[in-house]
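> generate a structure from the sequence data that follows.
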Amino acid sequence: MIQFLRVDHRLLHGQVAVSWFNALDVNTILVANDGVAADDFRKSAIRLAKPEAAKLVMKSIDESIEAITSGVTDKYNMLIVVESVEDAYKLIHGTNGKIPMLNLGGTKQREGTANFSKAVNLTPEEVAKLKELQKEKVDVFMQQVPNEKKVTFEA
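Presented below is the predicted three-dimensional model:
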């Protein structure tokens with residue numbers, strides 16, 4: 001069962017690996033990212049951040065959608081980490097309502113972005129996708145770590 005979907009441009013790092021993994025009582029972390037799925041060096045680096053007790057899976061977005069919709073992931077309590085709002089949008093739409101929430105954890109500042117929190121910077125296109133997800137009843141919120149206050153995304 002999917003417990004949490006997080007957008008974080010750093011993917012798996014101490015904050016996710018320790019704070020969220022422990023707070024959510026999950027046993028599996030899925031890094032859903034096309035670049036990582038095709039890059040053995042990046043996979044090796046991500047493995048270094050994995051909590052000892054975690055099962056770590058790294059798949060492309062399409063492979064992740066296939067695994068989730070097939071039911072093969074149902075037996076796991078899973079935290080999913082994606083690199084971008086676009087990846088989260090594709091994952092949510094591709095899994096037919098199996099992911100009812102989206103945590104905006106970190107998106108780096110880029111040209112054309114507006115700042116929404118200390119770590120969330122979004123383009124107008126990303127904002128439009130997030131608003132669409134909210135209209136579809138996806139709970140979109142910002143929260144860096146579990147002990148911080150959850151803030152509903154508002155544009």
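
> drop to CA atoms for contacts and neighbour counts, all remaining ones
Will do.

> so S44 is in which element?
helix 40-49 (DSSP states H and E).

> please, where are all the strands along this protein?
Using DSSP state E, the strands found in the chain span residues 2-8, 28-32, 55-59, 78-82, 101-106, 114-115, 121-122, 139-142, 151-152.

> how many neighbouring residues does the residue nearest to D87 when sequence neighbours are not counted have?
Computed as C-alpha to C-alpha, 6 or more residues apart in numbering, the closest residue to D87 that is not its neighbour in sequence is I61, at 6.9 Å. As a burial measure, I61 scores 21 neighbours (other C-alpha atoms under 10 Å).

> quick one: contacts for I61?
Taking C-alpha atoms under 8 Å, 6 or more residues apart in numbering, we find I61 in contact with A32, N33, D34, D87, K90, L91.

> again, only using 6 Å
Contact partners of I61, counting by C-alpha atoms under 6 Å, 6 or more residues apart in numbering, are A32, N33, D34.

> go through the residues you listed and name the one nearest H9.
For the contacts of I61, the residue nearest H9 by C-alpha to C-alpha is N33; the value is 10.4 Å.

> any idea how far Q134 is from the closest one?
23 Å (C-alpha to C-alpha, to the nearest Å).

> of the two, which one has the most company?
Set N33 next to Q134 and count neighbours by other C-alpha under 10 Å: N33 wins out with 22 against 18.

> M58 is in contact with the more buried one, correct?
No: the pair N33 / M58 is not scored as a contact, 7.4 Å apart, by C-alpha atoms under 6 Å.

> over to stretch 117-132 now: how far is its first residue from its last?
For stretch 117-132, the end-to-end distance is 20 Å (C-alpha to C-alpha).
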